[in-house]
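1. When you get a sec, could you give me coordinates for this:
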Amino acid sequence: MQKHIVIHNAERDNIDTWVKYRNGLCDSCNAVCCTMPAEVRVRDLIRLGVIEAFDLETDPKHLAKRLQKMGVIEHFNFRHSLFTLARRAGGDCHFLDARTRQCTVYEKRPDTCRDHPQKIGPRPGFCPYRQKSRPATRSAD
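-> Numbers count the residues shown, from 1 in each chain. You can find the predicted model right below:
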């Protein structure tokens, strides 16, 4: 008897297709949430090690310009003091390993990433799960 495996491929921009989050789901996911814009605060940037605590004294506009030149952020919302992390041309987060699809700064990741999807996001408690593609297997000759 063959076991049927359901492959779910949510559409990132259609939250009706998102699946209920459960522990362990990320292990087989293609990191779709890491293609969504991630808004972070100064304390997240300090934890990531891209700025130092003394940078808190820097004018936020100057700090944002410096971080944009460094390629760390792509936008700064002055009104809410939120920085949007930079993404690569394909939409992946700057800190996502393209080959493994795993976060390269997991232990230092921003609060936004720590709390998604359980507490925050377009549909809290749900995620845009997309199963990792499996490598092709060679048949034995």
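2. Next one: residue 72 relative to residue 119, how far apart?
-> With distances taken as C-beta to C-beta, to the nearest Å, residue 72 is found 24 Å from residue 119. (Each C-beta comes from the backbone N, C-alpha and C, glycine too.)
3. For the two, indicate the residue with more neighbours.
-> residue 72 (19 against 11; other C-beta atoms under 10 Å).
4. can I assume the more buried one is in contact with residue 94?
-> Yes. Using C-beta atoms under 8 Å, residue 72 is in contact with residue 94, at 7.0 Å.
5. Helices of this protein, residue ranges please.
-> Along the chain, the segments classed as helices by DSSP state H run 42-48, 60-70, 111-115.
6. Nearest approach to residue 35 belongs to which of these?
-> In terms of C-beta to C-beta, the element of the helices of the chain nearest to residue 35 is helix 111-115, at 12.5 Å.
7. I'd like to know which elements the closest one is packed against.
-> Counting contacts by 3 or more C-beta pairs under 8 Å, 6 or more residues apart in numbering; DSSP states H and E, helix 111-115 is packed against strand 39-40, helix 42-48.
8. what's it in contact with?
-> Helix 111-115 is touched from outside by 33, 38, 39, 40, 41, 43, 44, 103, 120, with contacts defined as C-beta atoms under 8 Å, 6 or more residues apart in numbering.
9. quick one: average pLDDT of that helix?
-> Confidence over helix 111-115 (mean pLDDT, whole number) is 95.
10. With just CA atoms, put it into PDB.
-> The C-alpha trace of helix 111-115 is given here as PDB (Å, rounded to 0.1, in the frame of the first residue of the first chain):
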ATOM      1  CA  ASP A 111      11.600  40.000  16.400                       C
ATOM      2  CA  THR A 112       9.400  40.100  13.300                       C
ATOM      3  CA  CYS A 113      10.900  36.800  12.200                       C
ATOM      4  CA  ARG A 114      10.700  35.300  15.700                       C
ATOM      5  CA  ASP A 115       7.000  36.100  16.000                       C
END
